[in-house]
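Asker: the following block contains a protein sequence and its predicted model.
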Amino acid sequence: MEEALSKIGPVMAQLFGQTEAPMMISMMSPREHFHADGSVARERLSSAGRPGPLVQVATMDSEGVLLPPGGTGEIVVRSSLVMMGYYQDPKATAEAGRFGWHHTGDIGRLDADGFLYIVDRAKDMIITGGFNVYSVEVEQALMQHPDVQDSAVIGLPDEKWGEAVVAVLQPHAGRSLQPEEIIAFVKARIGSVKAPKRVEVWPDLPRSKVGKVMKKDIRAELLARLNRQTGA
């Protein structure tokens with residue numbers, strides 16, 4: 001983003017929304033990418049901006065308690081832009097509207113200046129040994145390794161940890177990856193709790209038609225393999 005701003009100029013803008021709350025949950029205007037003195041606001045380049053007009057945005061814990069600035073929880077929204085409900089699906093409608101707020105399914109935090117940072121999808125969060133581990137954070141650490149082309153981090157059932165952090169990696173062409181070295185690499189960057197307990201190396205990762213890594217397919221494959229091994 002910083003490179004784009006320097007080469008293209010102060011024209012970048014960002015929006016965060018979803019079908020249920022169209023387009024305008026939050027936005028970051030071109031000027032908000034910079035400080036008042038004209039320098040790039042590097043600390044907020046990973047933000048999705050501030051709440052849009054007519055929108056209330058907060059983060060919420062699993063008990064329905066709204067969190068203070070800096071608190072990480074599910075991003076929830078109130079607005080006249082939010083859908084009335086899912087068509088002929090009252091159960092899903094009730095689930096999305098718990099505690100009087102629309103639940104986006106995204107995990108994030110709001111800083112003291114009202115900027116929203118998206119951390120992960122709620123369904124991709126891994127609870128291991130009582131700690132919340134965000135798969136995106138682990139993937140970002142993995143992608144710093146020079147031999148890793150792409151990665152997917154998922155949680156798999158584990159008797160000791162509840163869920164174990166598992167990384168499936170695609171190496172750059174002609175490169176090799178050693179699981180133990182990868183685990184140590186991640187530990188050094190984000191700590192042992194978030195480091196993978198297991199690493200697999202695949203020649204390619206399953207992708208959607210637009211090239212998005214399909215974590216659901218990866219998890220299904222590894223679960224099926226685990227069930228075969230345990231005879232479940």
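Answerer: Alright, I've got the coordinates.

Asker: residues in contact with stretch 208-222: which ones?
Answerer: 124, 135, 150, 152, 154, 156, 166, 168, 200, 205-207 (CB atoms under 8 Å, 6 or more residues apart in numbering). Heads up, the C-betas are built off the backbone N, CA and C, glycines and all.

Asker: next up, the contacts around the closest residue to residue 223 other than its chain neighbours.
Answerer: Using CB to CB, 6 or more residues apart in numbering and skipping the chain neighbours, the partner closest in space to residue 223 is residue 156 (6.8 Å). If you count contacts by CB under 8 Å, 6+ apart, residue 156 has them with 163-164, 166, 198, 219, 222-223, 226.

Asker: closest one to residue 13 out of the residues you listed, please.
Answerer: Within the contacts of residue 156, proximity to residue 13 (CB to CB) peaks at residue 219, which comes in at 34.3 Å.

Asker: next one: the nearest residue to residue 99 once chain neighbours are set aside from residue 98, what distance?
Answerer: Leaving out its chain neighbours, the residue that sits closest to residue 99 by CB to CB, 6+ apart is residue 64, at 3.7 Å. To residue 98, residue 64 is 7 Å away according to CB to CB, to the nearest Å.

Asker: alpha carbons of the top helix by length along the chain, as CSV, please.
Answerer: Secondary structure of the chain per DSSP state H: the longest helix is helix 215-230. Listed next in CSV are the C-alpha coordinates belonging to helix 215-230 (Å, rounded to 0.1, in the frame of the first residue of the first chain):
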residue,chain,number,x,y,z
LYS,A,215,-9.5,-23.6,3.4
LYS,A,216,-12.8,-25.6,3.7
ASP,A,217,-11.5,-28.1,1.2
ILE,A,218,-8.1,-28.3,2.9
ARG,A,219,-9.7,-28.9,6.3
ALA,A,220,-12.1,-31.5,4.8
GLU,A,221,-9.1,-33.4,3.3
LEU,A,222,-7.1,-33.4,6.5
LEU,A,223,-10.1,-34.3,8.6
ALA,A,224,-10.9,-37.3,6.3
ARG,A,225,-7.2,-38.4,6.6
LEU,A,226,-7.3,-38.0,10.3
ASN,A,227,-10.5,-40.1,10.5
ARG,A,228,-9.0,-42.8,8.4
GLN,A,229,-6.0,-43.0,10.7
THR,A,230,-8.1,-43.2,13.9
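
Asker: picking up where we left off before, more neighbours: residue 64 and residue 98, which one.
Answerer: More crowded of residue 64 and residue 98, by other CB atoms under 10 Å: residue 98, with 14 against 11.

Asker: OK, contacts around that one?
Answerer: Per CB under 8 Å, 6+ apart, neighbours of residue 98: residue 64.

Asker: ok, residue 135 next?
Answerer: The contact partners of residue 135, taken as CB under 8 Å, 6+ apart, are 120, 124-126, 152-155, 215.

Asker: for the residue nearest to residue 101 when sequence neighbours are not counted, grab the count of nearby residues.
Answerer: Distances taken as CB to CB, 6+ apart put residue 76 closest to residue 101, at 3.7 Å, once the chain neighbours are dropped. Residues near residue 76, counting by other CB under 10 Å, number 23.

Asker: let's see the pLDDT reported for residue 76.
Answerer: The per-residue pLDDT reported for residue 76 equals 98.

Asker: for residue 5, same thing?
Answerer: Reported pLDDT for residue 5: 93.

Asker: if we can go back for a sec, for the record, mean pLDDT for the longest helix of the chain?
Answerer: Mean predicted confidence for helix 215-230 is 91.
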